[in-house]
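Enquirer: Fold the following.
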Amino acid sequence: MRTFPAPPFPLDVTEGEKTYTVTADIPGVKREDIFVDVDGPVVTIRAQVPREPSEGPEAKMIHAERFHGITLSRTFTLPLAVDLDATSARYECGVLLLTLPKSPAHRRTG
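Expert: Residues are numbered from 1 along each chain as shown. This next block holds a predicted model:
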């Protein structure tokens, strides 16, 4: 069986009539250490995870699974361009919520 590495942080993207909504789980990161870049339909989310201080010179890691002292990044392309002037972001309890309105020229008309 072939296995693939897990992404640096999980995210969901949903599409509504006028907006895309991105929900990303980025626990343990401060709001000011999260960066979002939108270039047309391309979205990049970066999170800088601070390095945790060691417990002292005699402390040694026995088992480690948590990220620290690195930058995590996800880039994905949406089907349509985003209206940069109307985007919004919220970060609460380790969850980033992006609301990315579709560019008015690309919205579906019903």
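
Enquirer: Give me the local confidence score for residue 50.
Expert: In this model, residue 50 is scored at 75, pLDDT.

Enquirer: Quick check: it touching residue 33?
Expert: Yes - in this structure, residue 50 is within contact of residue 33 by Cβ atoms under 8 Å, at 7.1 Å. Where you see a C-beta, it was placed from the backbone N, CA and C, and this is true even at glycine.

Enquirer: Give me the mean pLDDT for whichever strand or helix holds residue 37.
Expert: Assigned by DSSP states H and E, residue 37 belongs to strand 34-39. Across strand 34-39, pLDDT averages out at 96.

Enquirer: repeat for stretch 102-110
Expert: Stretch 102-110 comes out at a mean pLDDT of 69.

Enquirer: give me the number of residues near the nearest residue to residue 82 once chain neighbours are set aside?
Expert: Ranked by Cβ to Cβ, 6 or more residues apart in numbering and with sequence neighbours excluded, the top spatial neighbour of residue 82 is residue 100, at 4.5 Å. Close neighbours of residue 100, defined as other Cβ atoms under 10 Å, add up to 25.

Enquirer: ditto for residue 47
Expert: Residue 47: 23 neighbours (other Cβ under 10 Å).

Enquirer: how about it, what does it touch?
Expert: 8, 9, 26, 29, 33, 34, 35, 71, 72, 73 (Cβ atoms under 8 Å, 6 or more residues apart in numbering).

Enquirer: top of those by neighbour count?
Expert: residue 26 leads the contacts of residue 47 on contacts (other Cβ under 10 Å) with 22 neighbours.
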